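Chemist: Predicted model, plus sequence, below.
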Amino acid sequence: MKKILILAMAFLLFFGCSTEKPVQTEEAKPLKKVEKPDPLPYLDDGPTLREAADAQGMNIGVALHAGNLNREFFAENVKNHFNYITAEDELKWSGIHPSEDTYVYSPVDMILEFAEQNNMKVRGHTLIWHNQLGYWVKRDEALWTPETLAQTMKDHIDNVAGHYRGRIYAWDVVNEAFDAGNYRKSVFFNVIGKDYIKMAFEMAHEADPDALLYYNDYGIETVGAKSTAVYNMAKELLAAGVPIHGIGFQSHLILEQPFNIDSFRKNIQRFVDLGLKVDLTELDIRIRRPATVESFQKQAEIYKQIMEVMLSFPTCDTVVFWGLSDKNSWIPSSFSGYGEPLLFDNDYQPKPAFFAVREVLNGGPVDLGEIGGGEEKARRTIPSFVAKKAGTVPVIDGKINGDEWEKGIKYPLGFNQLNTQDERPPMDINDLSGEWTVLYDGKTLYGLVKRTDEKTVTSVGQDWENDTVEVFFDLNGVFTQLRTLIGKGFQPNSYPGNKKAVWSSDGSVLEFSVDMPDNNLEALVCGWNIALADNDGGSVRQHQLYPVTGQNDSYQGVNLATLTFEGNSPRPPEGPRVVVPFWAKKADGIKVDGSYSDAEWKNAVKYPFLYNQLGTMDVRKTYDNNDIYGEWAIAYSGNKMYGYVKRQDDVTKLDAPDVWENDCVEVFVEIDKAFTQMRTLVGQDWGEDSYKGKKKAVWSADGTVLEFEIELPRNGSGMGIIGFNIALADNDGGAKREAQLYPIYGFNDSWQGVNLAELEFVK
Ligand code: XIL
């Protein structure tokens, strides 16, 4: 094959590879553009990041575009603070090999020369990737046979990796080959099958025998369906003698989505145990705008924890930040509404994150003690949602025909997982509310979602920021996330089974069906979640309501709820699966006096009462907030746990003969294996029970607010996870209560100490 080497200017490459960038429309130009002077490169009395990293034998890297090296202050910052560079776009297929016979080497040459002059290592990113791939390769899969495509891969790898042989320290040989837990359906996978991965590593090794070779992906930082799929692949490759040396965790993190640092450690450990290296290859932590002083501090804290974990593994020696400063980051243009993810700010000044990273590097190796701890053993499963077998199989047409859904249990959607400090749904049910039910027949799951929303938005660029319904399941090792925008079918994804989604014309009813990865669902248990997103205008969604609490990480295949396909056949369930605990955060200065204030309860995570556990076929709370509405939070300070309940109720009944049938709040705790049920009737202190510690309950005069405190056996910060539930009972005037609302689905048997949720005392 003829190879033409074109020495192009750096800007040519930027245009060449920019086809995949989101289109940015230009605003009308302001009359005068005030040019800011270049900032000075940042130096202070402390060590540079590079000095601190060198002292630990760490590679501290930055991704950059070649053109920026022409700016002196930029180049200075890079060589002062980093000893390692990744070409942010220049080595991607579409940039370096834009047509069959064209190779564009000059921007990469420029980066390599800069690196070599300054004694820095360079990471090659990336050889085989479905994105930013030459259009000529992906234009039409039918043009390829397995042989011709493999030959094209080989030409590409020989030329690119071969051209820079001996000069690239590490290669991301294959990038993003998984879509959730499944092999991604790229042109390479579709034409060659999963062996293209093995072939790519072999080709890369041949082209540059000294380079370290990595598999690189996002969303694999913690233990979950996707990282496990990568882990299994890595094991397979190693067993087959494939030259793979490490795994790159891209690590594009989101500040608002808590990062499970223990799970991150466990995950690294299992790859290290295979003899692989683990690099963080594209680290950034984006912030939902506007960023505040507080969010910068929180960001620094997460960077710190991540660096500590890296420094606790002797073989983990590389951390690459995806951009020098917030000004250079890919985030704002790729994730609307997010920004400020890096160590330096928009003016190239250091952020709290910079100092946090430097401090950890400076401190040297970190001892984090044993991985794990006993905490997980305490985790319990909560009742599974249930899909009953369909009587009549529903017709998926966006219309509720006759009794086709009657057998289904009606569940509410109510935990807003987008706000980890306040998971309540909107107070106004017209703003957003929803319910769902599922049925099954054979291998097919049928679903119904009813939705109330005053405004429908489906035109935002990022699919998931629109009004959508998302369905997540994990069965027989297959995890997937399906998404439908209001009015549209399921979006295409890698899931191979048949799927169908049809909306009513007014967007209030969704019917869907999915063929599951099992021929007979009867009596199976699968990982499950379902979410209703609401965008009220703007580039990001405001709410995403799930049936369980959590931190919006179901898309990573983790923290799923469970769904049981009802039936008697003795099929072993998958699992056990646990649901995320509710959080009790530290909050000082709470006064238990029956008067609620936002300031007093600011640090406490707020949750709704969502499930009427007295219902069987319909466990929704009533949709009339005056009939009964409730929300709650628990916090701690020292050795006391504090709680509040807000309650709206049109009738207060307190003289039913059985005390539990009255309007009351009940709290259930299992601490150190001892279970207690506590009850406070509206307006009254706690009743008698067996609890050893002191406690107090105070209601507002009108019965709308309860505040309470409960003495713990030790400081809250040492409590870990306890068994927990909380219930709000509503009697509208008879001998029996009509409803009892809990934050989890269940059968009103918490009083027996079973089917409790969990409460985690967050440090
Ligand atoms: C991004 C670059 O930062 C952007 O400049 C470009 O427009 C798109 O790609 N995962 C990867 C990186 O592996 O290559 C991506 O980089 C970010 C996500």
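Modeler: Received the coordinates, thanks.

Chemist: which parts of the lengthiest strand in the chain are buried?
Modeler: Counting by DSSP state E, the longest strand found in the chain is strand 277-288. Using 16 or more other Cβ atoms under 10 Å as the test for burial, strand 277-288 gives 277, 278, 279, 280, 281, 282, 283, 284, 285, 286, 287, 288. Quick note: C-beta positions are derived from backbone N, CA and C, even for glycine.

Chemist: Find the pair from those residues with maximum spatial separation.
Modeler: Greatest spatial distance in those: 277 and 288, 32.5 Å, computed using Cβ to Cβ.

Chemist: circling back: and the longest strand of the chain, which strands flank it?
Modeler: Paired neighbours of strand 277-288 in the sheet (DSSP bridges): strand 246-249 (parallel), strand 252-254 (parallel), strand 318-321 (parallel), strand 338-339 (antiparallel).

Chemist: Between these, which one is closest to residue 512.
Modeler: Evaluated over those, closeness to residue 512 peaks at strand 252-254, with 27.5 Å, by Cβ to Cβ.

Chemist: And the following helix or strand past that closest one, how far out from the chain middle?
Modeler: Going down the chain from strand 252-254, the next helix or strand is helix 261-273, by DSSP states H and E. In terms of Cα atoms, centre = their mean, to the nearest Å, the centre of helix 261-273 is found 17 Å from the chain centre.

Chemist: angle of helix 261-273 against strand 277-288?
Modeler: Counting by axes from the mean of the first three to the mean of the last three Cα atoms, to 10 degrees, helix 261-273 lies at 160 degrees to strand 277-288.

Chemist: pull the CA atoms of helix 261-273 into PDB?
Modeler: The C-alpha coordinates for helix 261-273 follow below in PDB (Å, rounded to 0.1, in the frame of the first residue of the first chain):
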ATOM      1  CA  ILE A 261     -13.200   4.800  47.100                       C
ATOM      2  CA  ASP A 262     -13.200   1.400  48.800                       C
ATOM      3  CA  SER A 263     -14.600  -0.100  45.600                       C
ATOM      4  CA  PHE A 264     -11.900   1.700  43.600                       C
ATOM      5  CA  ARG A 265      -9.200   0.100  45.800                       C
ATOM      6  CA  LYS A 266     -10.800  -3.300  45.500                       C
ATOM      7  CA  ASN A 267     -11.000  -2.900  41.800                       C
ATOM      8  CA  ILE A 268      -7.300  -1.900  41.400                       C
ATOM      9  CA  GLN A 269      -6.300  -4.800  43.700                       C
ATOM     10  CA  ARG A 270      -8.000  -7.400  41.500                       C
ATOM     11  CA  PHE A 271      -6.200  -6.200  38.400                       C
ATOM     12  CA  VAL A 272      -2.900  -5.900  40.300                       C
ATOM     13  CA  ASP A 273      -3.400  -9.500  41.400                       C
END
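
Chemist: contacting residues around it?
Modeler: Helix 261-273 has contacts (Cβ atoms under 8 Å, 6 or more residues apart in numbering) with 220-224, 227, 231, 234, 247, 278, 305-306, 309, 312-313, 315-316, 368, 371-373, 558.

Chemist: Which secondary structure state is assigned to residue 470?
Modeler: With DSSP: H, G, I helix; E, B strand; the rest coil as the basis, residue 470 sits in strand.

Chemist: Looking at strand pairing, list the partners for it.
Modeler: With DSSP bridges as the criterion, residue 470 is bridged to residue 483, residue 531.

Chemist: Can you report how many residues lie near it?
Modeler: Neighbour count for residue 470, taken as other Cβ atoms under 10 Å: 21.

Chemist: May I ask you to confirm that it is in contact with residue 481?
Modeler: Yes. The criterion here is Cβ atoms under 8 Å, and residue 470 meets it with residue 481 at 6.1 Å.

Chemist: which neighbours do these two share?
Modeler: Common contact partners of residue 470 and residue 481 (Cβ under 8 Å, 6+ apart): 554, 555.

Chemist: what's the offset of stretch 620-632 from the middle of its chain?
Modeler: Put simply, stretch 620-632 sits 29 Å off its chain's centre (Cα atoms, centre = their mean).

Chemist: List the buried residues of the longest helix along the chain.
Modeler: The single longest helix within the chain, with elements called by DSSP state H, is helix 293-312. For helix 293-312, burial by neighbour count (16+ other Cβ under 10 Å) applies to 295-296, 298-300, 302-312.

Chemist: what's near enough to touch residue 679?
Modeler: By Cβ under 8 Å, 6+ apart, the contact list for residue 679 reads 659, 660, 664, 665, 666, 667, 686, 687, 689.

Chemist: and what of residue 417?
Modeler: With contact set as Cβ under 8 Å, 6+ apart, residue 417 has these partners: 423, 531, 544, 545, 546, 549, 550, 551, 552, 554.

Chemist: about what we covered before: within reach of the ligand, which of the buried residues of strand 277-288 are there?
Modeler: The subset of these within reach of the ligand, by Cβ under 6 Å from any ligand atom, is residue 282.

Chemist: With respect to residue 526, which of the buried residues of strand 277-288 is nearest?
Modeler: residue 278 (30.0 Å).

Chemist: and the closest one, what does it touch?
Modeler: Residue 278 is in contact with 246, 247, 248, 249, 268, 271, 272, 313, 315, 316, counting by Cβ under 8 Å, 6+ apart.

Chemist: mind listing the helices for this structure?
Modeler: 10-17, 49-56, 72-81, 93-96, 106-117, 135-138, 146-163, 187-192, 195-207, 225-239, 261-273, 293-312, 331-334, 352-363.

Chemist: want to throw the ones you listed into JSON lines with distance to residue 126 and mean pLDDT?
Modeler: Output for the helices of the chain, formatted as JSON lines (distance: least, Cβ to Cβ, whole Å; pLDDT from 0 to 100):
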{"stretch": "helix 10-17", "distance to residue 126": "12", "mean pLDDT": "39"}
{"stretch": "helix 49-56", "distance to residue 126": "23", "mean pLDDT": "97"}
{"stretch": "helix 72-81", "distance to residue 126": "21", "mean pLDDT": "98"}
{"stretch": "helix 93-96", "distance to residue 126": "8", "mean pLDDT": "96"}
{"stretch": "helix 106-117", "distance to residue 126": "13", "mean pLDDT": "98"}
{"stretch": "helix 135-138", "distance to residue 126": "14", "mean pLDDT": "94"}
{"stretch": "helix 146-163", "distance to residue 126": "10", "mean pLDDT": "98"}
{"stretch": "helix 187-192", "distance to residue 126": "13", "mean pLDDT": "96"}
{"stretch": "helix 195-207", "distance to residue 126": "10", "mean pLDDT": "98"}
{"stretch": "helix 225-239", "distance to residue 126": "15", "mean pLDDT": "94"}
{"stretch": "helix 261-273", "distance to residue 126": "19", "mean pLDDT": "95"}
{"stretch": "helix 293-312", "distance to residue 126": "21", "mean pLDDT": "97"}
{"stretch": "helix 331-334", "distance to residue 126": "17", "mean pLDDT": "92"}
{"stretch": "helix 352-363", "distance to residue 126": "25", "mean pLDDT": "97"}
